[in-house]
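Generate a structure from the sequence data that follows.
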Amino acid sequence: MNENKLPPANIEAEEAILAGILLDPKAITIVTDILPVEAFFVQSHQQIYQAALELHHKNNQVDLMTVSTWLSDHKLLKKVGGQAKLAQLLNCTVSATNIDRYSLLVLDKYQRRRLIAAGHEILDLGYDTSQELETVFDQSEAKIFNITTDKKDKFSTEPIIDCLADIFNELEQGSLPLYPTGLTDLDSLIGGLTKQDLIIVAARPSMGKSWFACYLANYIAVNEKKPIVFFSAEMSRKQLTKRFLSMHSGIDSQRLMNNIIYQDEMDSLVNGLGTLAELPIEINDTPAEELTPAKIRSELRKIQSKRGELGLVILDYIQKLGDRAAGNRAQVIGKYSGACKDIAKQFNVPFVVLAQINRGVETQSNKRPNMASLKDSGDIEQDGDLLLMLYRDEYYKSDTEDIGVMEVIVGKNRNGATGTCKVSFDLSIGSFYDYTSQNA
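Next up is the predicted model:
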């Protein structure tokens, strides 16, 4: 490695872009979404471009006079080289129609500088033996991935005027920050599954929480056409796929698990296979002891890079993860729940995490769970934005009137109401329906 080499840069292209901005008020609109300030190698060029951006964001005209005045008002004109520097830029012959091509030249060199910087950081990580190797791999992969996706750091500090601009665009476009579940009464309580939320779905074994997760995955895959990533620490990918196939074919899931198909079901099976094959559902059945937050992030980066914006991430289930022999399981699970919340924010996606309810509810006369029933960790309750607890009365009472009914108990909801709603549930094929419409 030759340390005497100068970092890659295209000074002429930088000057041509700034000249175009100073000469043509429309030029800034071409590059504002392409070039970050850091893409300019020369510091004075960064400051001139920053001045143009500030003016543009405040809906002021961008030209020689306004940029010069802004720099002067902010005591930066002398630092960039004064009027002489701006006059030098004006001598560049450029038209706004060429600016996009010059921007690509500047971006190319910027990305190379970022790659060099990441290489140095990865080198340092390799020498840092105080960190676990998996952490080193995760951080190294993230550094390269952030360059290849060429996205602004969405967790950088921004002035509120930029935040307001994003909100206004969302309102103007009418885009929703959440996905409906398709269950009317549930949606009336929670609104839907909100992006960046950690959504805990908790229940005792055999209540149907895995089926509920499959329903949410399938509904969003069908209606939003966005990738669904299902991390199954509980079932194998074959078992989970058969559940989805049962939902689409209408064939009893228990018979599918045992590979028993009746002759008159073959058409339904073929149709179900065809429909399911078109859905953007990704299944990862990494064993629980190997499934770490770093592994989850790595898989999500790859899928997002390949298939675009994620629709939903599901983990089944959180208490399976980590060292099962660890003395303080609450601390272990708390670390995982915090990491899942961070992942939801990082990938701007609802993250549904399934969790077990402790067996203490079995000793209660009313066996419906509450927030205190979560097994192993109060951190799950604390980190979760939405807590949905599932209960089926027929599991405990054969004479109940609520046959084929699941209660969804909203125990916590940062963004809305709490309460309980009922949904119709067919355990044999994992179908969920509105309770009111099925029992009208």
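
Next, name the residue at the spatial heart of this structure.
The centroid of the chain falls nearest to F347 when counting by Cα atoms, centre = their mean (2.4 Å).

Look up phi and psi at it.
Phi and psi for F347, reported as degrees, to the nearest 10, are phi -100, psi 10.

Check whether it really touches Q304, as I assumed.
Yes. Applying Cβ atoms under 8 Å, one finds F347 in contact with Q304, separated by 6.6 Å. In short, each C-beta sits where N, CA and C put it, glycine included.

any residues in contact with both of these two?
Residues touching both F347 and Q304 by Cβ atoms under 8 Å, 6 or more residues apart in numbering: L310.

report the longest helix in the chain, please.
Looking across the chain with DSSP state H, the single longest helix is helix 96-127.

Just the mean pLDDT for the helix or strand that that one is followed by, thanks.
Note on helix 96-127: by DSSP states H and E, the next helix or strand toward the C-terminus is helix 133-148. Averaging pLDDT along helix 133-148 yields 77.

So which elements touch helix 133-148?
Packing partners of helix 133-148 (3 or more Cβ pairs under 8 Å, 6 or more residues apart in numbering; DSSP states H and E): helix 96-127, helix 293-307.

residue contacts, the nearest residue to Q50 once chain neighbours are set aside?
Once flanking residues are discounted, Q50 sits nearest to V37: 5.2 Å by Cβ to Cβ, 6 or more residues apart in numbering. By Cβ under 8 Å, 6+ apart, the contact set of V37 is Q46, Y49, Q50, L53.

Most neighbours out of these, which is it?
Neighbour counts for the contacts of V37 (other Cβ atoms under 10 Å) peak at Y49, which has 24 neighbours.

what about that residue, is that helix, strand or coil?
helix (DSSP: H, G, I helix; E, B strand; the rest coil).

let's number from 15 now, not from 1
Happy to do that; since the first residue is 15 now, the last one works out to Y63.

what about it, distance to I136?
Distance, Y63 to I136, using Cβ to Cβ, to the nearest Å: 29 Å.

Next: Y229.
The gap separating Y229 from I136 is 42 Å, by Cβ to Cβ.

And those two? Which one has more around it.
Each of Y229 and I136 has its neighbours counted (other Cβ under 10 Å); Y229 has more, 22 against 15.

ok, the more buried one - contacts?
M261, G444, S445, F446.

for the helix or strand hosting it, which positions count as buried?
Counting by DSSP H and E, the element that carries Y229 is helix 223-238. Using 16 or more other Cβ atoms under 10 Å as the test for burial, helix 223-238 gives 223-236.

next structured bit after it?
Later in the chain than helix 223-238, the nearest helix or strand by DSSP H and E is strand 242-246.

For that next one, buried residues please.
Residues of strand 242-246 classed as buried by neighbour count (16+ other Cβ under 10 Å): I242, V243, F244, F245, S246.

Just the pLDDT at the second one, thanks.
This means V243. 94.

Distance of it relative to E313?
Distance from V243 to E313, counting by Cβ to Cβ: 7 Å.

okay, and the common contacts of the two?
Counting by Cβ under 8 Å, 6+ apart, the residues touching both V243 and E313 are N298.

what residue ranges in this structure score low on pLDDT?
The model of the chain has pLDDT under 70 over residues 15-18, 106-111, 162-172, 176-177, 179-191, 337-343, 389-393, 450-454.

Tell me where it has strands.
192-193, 207-208, 212-217, 242-246, 295-298, 326-330, 365-370, 400-405, 419-427, 433-440, 445-448 (DSSP state E).

where's the fourth one relative to the chain centroid, distance-wise?
Okay, so that is strand 242-246. Distance of strand 242-246 from the chain centroid (Cα atoms, centre = their mean, to the nearest Å) equals 13 Å.

Over to the last one?
On the basis of Cα atoms, centre = their mean, the separation between the geometric centre of strand 445-448 and that of its chain is 27 Å.

which helices and strands does that strand pack with?
If you count contacts as 3+ Cβ pairs under 8 Å, 6+ apart, strand 445-448 packs onto helix 223-238, strand 433-440.

Which elements pack onto the last one?
What that stands for is strand 433-440. Strand 433-440 sits against helix 198-204, strand 419-427, strand 445-448, helix 449-452, with contacts defined as 3+ Cβ pairs under 8 Å, 6+ apart.

which residues are in contact with stretch 382-390?
214, 216-218, 333, 343-344, 347, 369-372, 374-375, 394-395, 401, 403, 405, 421, 423, 425-426.

now the farthest one out in this protein, which residue is it?
When distances to the mean C-alpha position of the chain are computed (Cα atoms, centre = their mean), the maximum falls on A98, with 47.5 Å.

Distance check, that residue against N160.
On the measure of Cβ to Cβ, A98 and N160 end up 38 Å apart.

go on, I42?
26 Å.

who's more crowded, these two?
Comparing I42 with N160 by other Cβ under 10 Å, the one with more neighbours is I42, at 24 against 15.

wait, doesn't that one sit right on L32?
No. The criterion here is Cβ under 8 Å, and I42 misses it with L32 at 10.4 Å.

Residues that sit against both of these two, list them.
The contact lists of I42 and L32 share A66, where a contact means Cβ under 8 Å, 6+ apart.

and the residue nearest to the centre of the chain, what does it touch?
Residues near F361 by Cβ under 8 Å, 6+ apart: L314, Q318, L324, V327.

so how far is H70 from the closest residue to L67 other than its chain neighbours?
Nearest residue to L67, sequence neighbours excluded (Cβ to Cβ, 6+ apart): T46, at 6.4 Å. The gap separating T46 from H70 is 6 Å, by Cβ to Cβ.

Quick check: the nearest residue to G336 once chain neighbours are set aside vs K223, distance?
Leaving aside its chain neighbours, G336 sits nearest to V346 (4.1 Å; criterion: Cβ to Cβ, 6+ apart). In this view, V346 and K223 are 21 Å apart by Cβ to Cβ.

What of I130?
Distance, I130 to K223, by Cβ to Cβ: 48 Å.

cool, P39 as well?
58 Å.

Surely K359 and Q210 touch.
Yes. If you go by Cβ under 8 Å, K359 and Q210 touch, sitting 4.9 Å apart.

And R218, its phi and psi?
With angles defined as degrees, to the nearest 10, R218 sits at phi -70, psi 160.

Based on its surroundings, how many neighbours for it?
Neighbour count of R218, defined by other Cβ under 10 Å: 22.

Identify, from the contacts of V51, the entry nearest to K256.
L67 (53.7 Å; Cβ to Cβ).
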